[in-house]
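# Following is a predicted model, sequence given first.
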Amino acid sequence: MKPVIALVGRPNVGKSTLFNRLTKTRDAIVADFAGLTRDRHYGNGKLGDHEYIVIDTGGFEPDALSGIYKEMAKQTRQAVAEADVVIFVVDARAGVSSQDHDIAKYLRKLGKPTLLTANKAEGMIEGGQFTDFYELGLGEVLPVSAAHGQGMRLLVDMSLELLKLEKPEEEPEPQDPLVIRLAVAGRPNVGKSTLINTWLGEERLVAFDLPGTTRDAISVPFERDGQKFELIDTAGLRRKGKVFEAIEKFSVVKTLQAIEDSNVVLLLLDATQGVTDQDAHIAGYILESGRAVVLAINKWDAVDAYQRETLARSVETRLGFLKFATIHYISAIKRQGLGPVWKSIAQAHASANRKMSTPVLTRLLLEAVQFQQPQRSGVFRPKLRYAHQGGMNPPIIIVHGNSLELVSESYKRYLEGRFRKEFDLVGTPMRIQMKTSH
Ligand code: GDP
Ligand code: GDP
């Protein structure tokens, strides 16, 4: 499971700048999906071999008693509680402030692994100007410059080092590729626990033993129509006796981790609420994670014809970046429309794990190029030569050739469409990467 890093500090020390640095480094190709909201404060990052989740926490005044600062303090406390490591950001130029002292006191009491970081330290990195920060009682201070990208690698290495001291690395459980790991994700109250309990109560489901999951069963293995599934403990859901119920607090971090941990995500929406910002955020995250996805709009029984039409339109506009996903309109309570959802989950999983041979990919590539050439840029025209598969879940296709940096995003989408059609890829994102040979 990816470690979670929370960025904490008073306003204006550079947390958002740092957040952008730490998340921009990953190689997801998402920037040009229309409709994808970028303003969330949770992100995936990758630096060197390390992958992690970063949370940016806004300004923090631990003792704020009212108004927006109180709310921010609450949010920050939750983020910190869910984090594995805290990066406490101070301003190297401004020096130590009383707010820094308050935050330091809070973090010391909490006792989480904490790395003290002095940002805006460009041009100061050599000197011994940071001794003042020792009075915060959090040990060494690491100077960085988020704006200039200095010290980033060390920052991540040291944070994760701290984590290792705290939690020695666990052996990952081996995963059975024949089992579909399914996460049911969605905002609070969309009907996740109702749906899961309806499903698990069905006679068609057969429980089976999966090594490593029986002890404190937070994930449930079962078989349906000969296909094995493992339902992953999803944010906000807890097993209570035989049934699942939603615990009150919705945890974004747990949602993100469940998504990471799955092969297929069933994203549940509430027909009575329309598509909300939070739905779009979760959807955006699923896309970034590369997991296969099926959409189900629940509570279809509770909306009238007019609402249905409005909803269908807003799914199209707000979740347009998931147009490769199958949409189902269901009622968990009335048990309507549930059977076909299983079929789509299996289809999405099969698509995500499709094997594509180099000769077939290359033939398709060359046919696509013959049908429509990539645009030239000045005197150069990209030359696409061959393609091979670089990964599964999501499928990655690597195209080799010359001057491929000139290939436009829209041309990549054109290629994606051709590959999708030929390999019948439904319900999975896919990635096309260009590799220029020199
Ligand atoms: P936040 O409120 O903690 O999220 O801070 P922001 O990331 O919004 O940054 C506050 C201000 O500090 C902005 O004007 C940034 O451009 C600036 N800033 C951020 N990082 C650095 C840095 O490494 N060096 C300098 N000189 N300025 C920075
Ligand atoms: P969760 O927080 O996502 O697990 O949502 P719950 O399963 O607890 O459901 C939230 C509320 O929506 C409950 O009052 C359910 O009875 C109701 N609900 C769930 N599914 C449906 C449905 O298909 N139709 C209607 N009308 N209500 C539903």
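That came in fine, so what should we check first? Ligands and ions are numbered 1, 2, ... in the order given.
# For the spatially most central residue of the chain, give me its contacts.
Centre of the chain computed as the mean C-alpha position; nearest residue by CA atoms, centre = their mean is residue 285, 3.9 Å away. Contact partners of residue 285, counting by CB atoms under 8 Å, 6 or more residues apart in numbering, are 40, 42, 44, 255, 256, 259. Where you see a C-beta, it was placed from the backbone N, CA and C, and this is true even at glycine.
# Tell me which helix or strand the fifth one sits in.
This means residue 256. Assigned by DSSP states H and E, residue 256 falls within helix 252-261.
# downstream neighbour of that helix in the secondary structure list?
Beyond helix 252-261 toward the C-terminal end (DSSP H and E), the next one is strand 264-270.
# Could you check the angle that next one makes with helix 252-261?
Per axes from the mean of the first three to the mean of the last three CA atoms, to 10 degrees, the angle that strand 264-270 makes with helix 252-261 is 140 degrees.
# before we move on, the earlier item: so which elements touch the helix holding residue 256?
strand 42-47, strand 50-56, helix 67-82, strand 179-185, helix 277-289 (3 or more CB pairs under 8 Å, 6 or more residues apart in numbering; DSSP states H and E).
# now with 6 Å?
strand 179-185, helix 277-289 (3 or more CB pairs under 6 Å, 6 or more residues apart in numbering; DSSP states H and E).
# tell me the most buried of those?
The highest mean neighbour count among those, using mean count of other CB atoms under 10 Å, belongs to strand 179-185: a mean of 24.
# Toward the C-terminus from that strand, list the very next helix or strand.
helix 192-200.
# Give me the buried positions along that following helix.
192, 193, 194, 195, 196, 198, 199, 200 (16 or more other CB atoms under 10 Å).
# And for stretch 87-98?
87, 88, 89, 90, 91, 92, 96.
# ok, so of those residues, who is nearest residue 351?
Among those, residue 87 lies closest to residue 351 (CB to CB), at 38.0 Å.
# same for the helix or strand harbouring that closest one, what does it pack against?
Residue 87 belongs to strand 85-91 when assigned by DSSP H and E. Judged by 3+ CB pairs under 6 Å, 6+ apart, strand 85-91 is in contact with strand 4-8, strand 114-119, helix 152-166.
# Just tell me which of these ends up closest to ligand 2.
Among those, the nearest to ligand 2 by CB to the nearest ligand atom is strand 4-8 (22.4 Å).
# Check which element follows that closest one along the chain.
helix 15-24.
# between that next one and strand 50-56, how big is the angle?
Going by the same axes, to 10 degrees, helix 15-24 makes 150 degrees with strand 50-56.
# Could you list every helix and strand that the lengthiest strand in the chain packs against?
Longest strand in the chain by number of residues (criterion: DSSP state E): strand 383-391. With contacts defined as 3+ CB pairs under 6 Å, 6+ apart, the packing partners of strand 383-391 are helix 358-371, strand 396-402.
# Now residue 105: closest residue in space that isn't a chain neighbour?
Using CB to CB, 6 or more residues apart in numbering and skipping residues adjacent in sequence, the residue nearest residue 105 is residue 62, 7.6 Å away.
# Would you mind measuring from the one you found to ligand 2?
Distance of residue 62 to ligand 2, computed by CB to the nearest ligand atom, to the nearest Å: 30 Å.
# What are the contacting residues of the helix holding residue 256?
1-2, 4, 42, 53, 82, 183, 185, 232, 234-235, 265, 286, 289, 291 (CB atoms under 6 Å, 6 or more residues apart in numbering).
# correct me, but residue 3 touches residue 52?
Yes - if you go by CB atoms under 6 Å, residue 3 and residue 52 touch, sitting 5.0 Å apart.
# re the thing from before, out of the buried residues of helix 192-200, what pair is the most spread apart?
Taking CB to CB, the two most distant members of the buried residues of helix 192-200 are 192 and 200; they sit 12.3 Å apart.
# circling back to that earlier point, what about the residue nearest to the centre of the chain, distance to residue 373?
36 Å (CB to CB, to the nearest Å).
# same thing with residue 6?
48 Å.
# Give me the more crowded residue out of those two.
residue 6 (25 against 12; other CB atoms under 10 Å).
# quick one, phi psi at the residue of the chain most remote from its centre?
Most distant from the centre of the chain: residue 379, at 40.0 Å, with distances by CA atoms, centre = their mean. Here is the backbone geometry of residue 379 (degrees, to the nearest 10): phi -90, psi -10.
# rewinding a little: for residue 179, which of the helices and strands packed on strand 383-391 is the nearest?
Nearest of the helices and strands packed on strand 383-391 (CB to CB): strand 396-402, 22.2 Å.
# so how far is that closest one off the chain centroid?
Remark: strand 396-402 is offset 25 Å from the chain centroid, using CA atoms, centre = their mean, to the nearest Å.
# and the nearest residue to residue 153 once chain neighbours are set aside, how many neighbours?
Distances taken as CB to CB, 6+ apart place residue 47 nearest to residue 153, at 6.0 Å, with adjacent residues excluded. Per other CB under 10 Å, the neighbour tally for residue 47 reads 18.
# distance of whichever residue of the stretch 251-400 of the chain sits closest to ligand 1 from ligand 2?
The nearest approach of the stretch 251-400 of the chain to ligand 1 comes at residue 252, 18.2 Å away (CB to the nearest ligand atom). With distances taken as CB to the nearest ligand atom, residue 252 is found 14 Å from ligand 2.
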